[in-house]
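[1] Give me a model of this one.
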Amino acid sequence: MSSAEIISEIPKLSHHDRREIMRCIVEAEEDAATITACDELALERFQMLDAMEAEDEKNSTR
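    Next comes the predicted model:
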């Protein structure tokens, strides 16, 4: 299977399956620790934004 074929199948996968594939790819990289740290920090920041948006939504409906 070519990389183009693999890439074309990615959108068809579940979120969980895509995250698992991403985890395997990151682990295969030499700088896996740095990539993992960046991913964790990004996730934390997105969760903060989600919380802020939820709070804004709650406040705007009052």
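[2] can I see the domain layout of the protein?
    Listed by automatic domain parsing, the domain ranges of the chain are 1-30, 32-62.
[3] Kindly reformat those domains as CSV containing mean neighbour count.
    For the C-beta atoms, the positions are set from N, CA and C on the backbone; glycine is no exception. Listed next are the domains of the chain as CSV, based on neighbours: other C-beta atoms under 10 Å:
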stretch, mean neighbour count
domain 1-30, 10
domain 32-62, 10
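[4] Redo those domains as a markdown table? Include mean pLDDT.
    A markdown table is the format used below for those (pLDDT from 0 to 100):
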| stretch | mean pLDDT |
| --- | --- |
| domain 1-30 | 90 |
| domain 32-62 | 88 |
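[5] can you pull the contacts of L13?
    Counting by C-beta atoms under 8 Å, 6 or more residues apart in numbering, L13 touches I21.
[6] Got phi/psi on it?
    phi -80, psi 160 (degrees, to the nearest 10).
[7] i'd like the first residue to be 343 from this point on
    Sure, I'll start counting at 343 from here, so that last one is L355.
[8] Can you tell me the closest non-neighbouring residue to E371?
    Distances taken as C-beta to C-beta, 6 or more residues apart in numbering put I377 closest to E371, at 5.9 Å, once the chain neighbours are dropped.
[9] From what I see, that neighbour and R365 are in contact.
    No: under the criterion of C-beta atoms under 8 Å, I377 is not in contact with R365, lying 10.2 Å apart.
[10] who does the lengthiest helix in the chain touch, helix- and strand-wise?
    The longest helix of the chain (DSSP state H) is helix 374-402. Judged by 3 or more C-beta pairs under 8 Å, 6 or more residues apart in numbering; DSSP states H and E, the packing partners of helix 374-402 are helix 357-370.
[11] Sweet, I'm off.
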